[in-house]
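S.K.: kindly generate the corresponding structure for this input.
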Amino acid sequence: MKPLVAGARIVTRGVTDGRAGRARWARWARGAEWARWAPAVLAALGLLAGACGSGPGTGTATGTGTGTATGTATGTATGTATNQATGPGTNTATGTATAPQSSPAATPTPSAGSLVAGRYQPLWPFADEKQARDWQESYRSGGHQPWHLDAERTALSFTQGFLGFTGVDQVVERTVTGADARVSVGVRGEGGGRPGIAAVVHLVRFGTGPDAPWEVVGTDDTTFSLTTPRYGALVSSPVTLGGTITGVDESIRVQVRATGSARPLGERCCVSAGGDRVPWSATVTFRAAPGSTLTLVASTGGHVAEVERFAVTGVRVAR
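M.R.: Numbers count the residues shown, from 1 in each chain. Down below sits the predicted model:
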């Protein structure tokens, strides 16, 4: 008997779809003919089931595509995406992964070695910790410039030598606590009276060891303040200085100075002021290397001495 074609009717001795035909068809289906064709039919059904992708561990191949691979690490996968059933619920994606780029590096900040005690601006006499260490080595080997170990002498040298206020030649008070010192410097009083305080100079030990030298890092504000720009700020030329003052007929001079320079980098005179805690301000131009530390100075006087009060602050030149 020839194989049946799908859709053909069974014809037996001229009777179509009759009771006898159906009986014979049933006997044939249970016989050897069905056994001979069963393996091929089952194989075809298996291929159809695989194509449908139903059941655990199967996926649908979509060809070439681009997508985002998400998991423990996230990146962009570009290339040919291939899904393979390697176990229940497992898909393997192949392609080229591109990781996200890191953010730009942060703007560098001053290193600990360029600050005093990690927080103060080095105003004088050393520009950085390396210079302080160099002095320590020379002191240990030959005893050079021992005055760096004396807070009072350092404060007066800063006032008279660096700032040029030669008339401020008295140490009125001093307070030393560990590696921190405050020395009040002033001018002689009229008729031999008590000296008047011109400024309270703040000093800090620069570096380590019992022979770490003193470094001027600023002044404490009293009746004459310098609060603008703020301490440690980045500045550029021209810079505006300001604060408050208490006094009568005051004449304020402002300067920009730097360690290693004998002359001011910029100067302006003079700003008239007076009253009780009256604001004052002045603008001055200067030239200095980017990244360098500057000492901004404001002074007033003219009643008893050329300089009777002064204030300083430390800033850095913007890059």
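S.K.: near the nearest residue to residue 234 once chain neighbours are set aside, how many other residues are there?
M.R.: Leaving aside its sequence neighbours, residue 234 sits nearest to residue 318 (CB to CB, 6 or more residues apart in numbering; 4.3 Å). No exception for glycine: its C-beta is placed from N, CA and C like everyone else's. Counted with other CB atoms under 10 Å, residues neighbouring residue 318 total 11.
S.K.: from residue 223, how far off is residue 318?
M.R.: 31 Å (CB to CB, to the nearest Å).
S.K.: also residue 150?
M.R.: 28 Å.
S.K.: low pLDDT regions in the stretch 101-250 of the chain?
M.R.: Low-confidence segments of the stretch 101-250 of the chain, defined by pLDDT under 70: 101-113.
S.K.: now do the strands in it.
M.R.: Taking DSSP state E, counting those that start in this stretch, the strands of the stretch 101-250 of the chain run over residues 170-177, 180-187, 196-205, 214-220, 234-235, 239-257.
S.K.: direction included, what does the shortest one pair up with?
M.R.: Each strand that strand 234-235 pairs with, and the sense of that pairing, follows from DSSP bridges: strand 309-317 (parallel).
S.K.: tell me what angle the strand it pairs with forms with strand 180-187.
M.R.: Counting by axes from the mean of the first three to the mean of the last three CA atoms, to 10 degrees, strand 309-317 lies at 130 degrees to strand 180-187.
S.K.: now strand 309-317: buried residues?
M.R.: 309, 310, 311, 312, 313, 314, 315, 316, 317 (16 or more other CB atoms under 10 Å).
S.K.: what are the bridge partners for residue 254, then?
M.R.: Going by DSSP bridges, residue 254 forms beta bridges with residue 268, residue 298.
S.K.: isn't it up against residue 286?
M.R.: No. The pair residue 254 / residue 286 is not scored as a contact, 10.4 Å apart, by CB atoms under 8 Å.
S.K.: ends of stretch 254-266, what's the gap?
M.R.: Across stretch 254-266, the terminal residues are separated by 8 Å (CA to CA, to the nearest Å).
S.K.: mind listing what's buried along it?
M.R.: For stretch 254-266, by 16+ other CB under 10 Å, it's 254, 255, 256, 257, 258, 259, 264, 265, 266.
S.K.: pLDDT on it, on average?
M.R.: For stretch 254-266, the mean pLDDT works out to 96.
S.K.: ditto for stretch 305-313
M.R.: 96.
S.K.: for stretch 279-296, same thing?
M.R.: 97.
S.K.: keeping just the C-alphas, turn it into PDB.
M.R.: The C-alpha trace of stretch 279-296 is given here as PDB (Å, rounded to 0.1, in the frame of the first residue of the first chain):
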ATOM      1  CA  PRO A 279      34.000  99.100  57.100                       C
ATOM      2  CA  TRP A 280      36.900 100.000  54.800                       C
ATOM      3  CA  SER A 281      38.100  98.600  51.400                       C
ATOM      4  CA  ALA A 282      40.800  99.200  48.800                       C
ATOM      5  CA  THR A 283      41.800  97.600  45.500                       C
ATOM      6  CA  VAL A 284      45.400  96.900  44.500                       C
ATOM      7  CA  THR A 285      47.000  95.400  41.400                       C
ATOM      8  CA  PHE A 286      50.000  93.000  41.600                       C
ATOM      9  CA  ARG A 287      52.100  90.600  39.600                       C
ATOM     10  CA  ALA A 288      52.900  87.100  41.000                       C
ATOM     11  CA  ALA A 289      53.500  83.600  39.900                       C
ATOM     12  CA  PRO A 290      50.400  81.400  39.700                       C
ATOM     13  CA  GLY A 291      50.100  79.000  42.700                       C
ATOM     14  CA  SER A 292      52.400  81.200  45.000                       C
ATOM     15  CA  THR A 293      51.400  82.300  48.500                       C
ATOM     16  CA  LEU A 294      50.900  86.000  49.100                       C
ATOM     17  CA  THR A 295      50.800  88.100  52.300                       C
ATOM     18  CA  LEU A 296      48.200  90.800  52.100                       C
END
